[in-house]
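**Student:** have a look at this prediction, sequence included:
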Amino acid sequence: MKISILTLFPEMFKGFFSESIIKRAIKAGKVEVEMINFRDFSTRKHQQVDDTTYGGGAGMVLAVEPIYRALQSIPDIESAVKILLTPQGEPYHQERANTLAQADHIVLVCGHYEGFDDRIRNFIDLEISIGDYVLTGGEIPAMAIVDSVIRLLPGVLTNSDSYTQDSFYDGMLEYPQYTKPYDFMGYKVPDVLISGNHQEIDKWRRNEAEKRTRERRPDLLEKPNKKH
Ligand code: ADE
């Protein structure tokens, strides 16, 4: 898979790409990441990328041409999934991460300032929001998407960090997990987990996952495409 990221702040991604599972995936060639600073595609004075808003009002708006030119500079851009990060986008979910993980090439466009010239929407395939709150830019949403997609690519997670037990994997939250010590300040590990009875353990985990989902996220149980 290839991921192209259009941003005015490529430095923000440095730490993210140089740690842990993401770093390992890039090193192993499971994913190729390309950073494109669309300021490089500005033809205005001082490489300006934003301007005042037509109709008046405070604040600046990102111009369409530098982003358009940056997109056009990407080979085979027509076949890539082009995504705009915006609070106005489709709410991001595990199911979307699963479908994006099937793509050969995704392009993430990170905005900044007060928003985009709306005409950029003619050149993208999908708009994604990571939640109903406004961030200063699309970089953190882009990292969230890249992280959630890369971990699904074949061979990225080892068996020990397998995603099949994840929250949301089967449309439910994950069951509670414990490790040593058995007794921490009087809080003990549930006895069933040390019983050695795998059938009982599976049953307990299924029940706990369902109970937790019902308590915290009953909306997940209403979804028509849930797998349980
Ligand atoms: N840009 C600013 N806020 C955002 C959000 N919540 N989701 C996606 N992109 C954004």
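**Tutor:** Received it, and whenever you're ready, just let me know what you need.
**Student:** mind splitting the protein into its structural domains?
**Tutor:** With automatic domain parsing serving as the domain definition, the record reports that the chain contains domains spanning 2-150, 167-221.
**Student:** pLDDT on the first one, on average?
**Tutor:** The one in question is domain 2-150. This predicted structure assigns domain 2-150 an average pLDDT of 96.
**Student:** report whether it contacts the ligand.
**Tutor:** Yes - contact of domain 2-150 with the ligand (CB under 6 Å from any ligand atom) involves 85-87, 129-131, 133-135, 138, 141. For every residue, glycine as well, the C-beta is placed using N, CA and C.
**Student:** how long is that domain end to end?
**Tutor:** The stretch domain 2-150 measures 10 Å between its terminal residues, going by CA to CA, to the nearest Å.
**Student:** what bridges to Glu32?
**Tutor:** For Glu32, the beta-bridge partners are Lys2 (DSSP bridges).
**Student:** rewinding a little: can you pick the most crowded of the residues of domain 2-150 next to the ligand?
**Tutor:** Going through the residues of domain 2-150 next to the ligand with other CB atoms under 10 Å as the criterion, the one with the most neighbours is Gly138, at 29 neighbours.
**Student:** so who does that one touch?
**Tutor:** Listed by CB atoms under 8 Å, 6 or more residues apart in numbering, the contact set of Gly138 reads 7, 84-86, 108-112.
**Student:** and the domains of the chain as JSON lines, adding distance to Val156?
**Tutor:** Formatted as JSON lines, those follow (distance: least, CB to CB, whole Å):
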{"stretch": "domain 2-150", "distance to Val156": "5"}
{"stretch": "domain 167-221", "distance to Val156": "15"}
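**Student:** pick the most buried one from those.
**Tutor:** Comparing those by mean neighbour count (mean count of other CB atoms under 10 Å), domain 2-150 comes out on top with a mean of 16.
**Student:** hey, where'd the helices end up in this protein?
**Tutor:** Listed from the start of the chain, the chain has helices (DSSP state H) covering 14-17, 20-27, 64-72, 94-100, 139-150, 198-216, 218-222.
**Student:** average model confidence for the last one?
**Tutor:** Per-residue pLDDT values across helix 218-222 average out to 93.
**Student:** could you list every helix and strand that that helix packs against?
**Tutor:** Contact here means 3 or more CB pairs under 8 Å, 6 or more residues apart in numbering; DSSP states H and E; on that basis helix 218-222 packs against helix 198-216.
**Student:** how far does the helix it packs on sit from its chain's centre?
**Tutor:** Centroid separation between helix 198-216 and its chain, computed with CA atoms, centre = their mean, to the nearest Å, is 27 Å.
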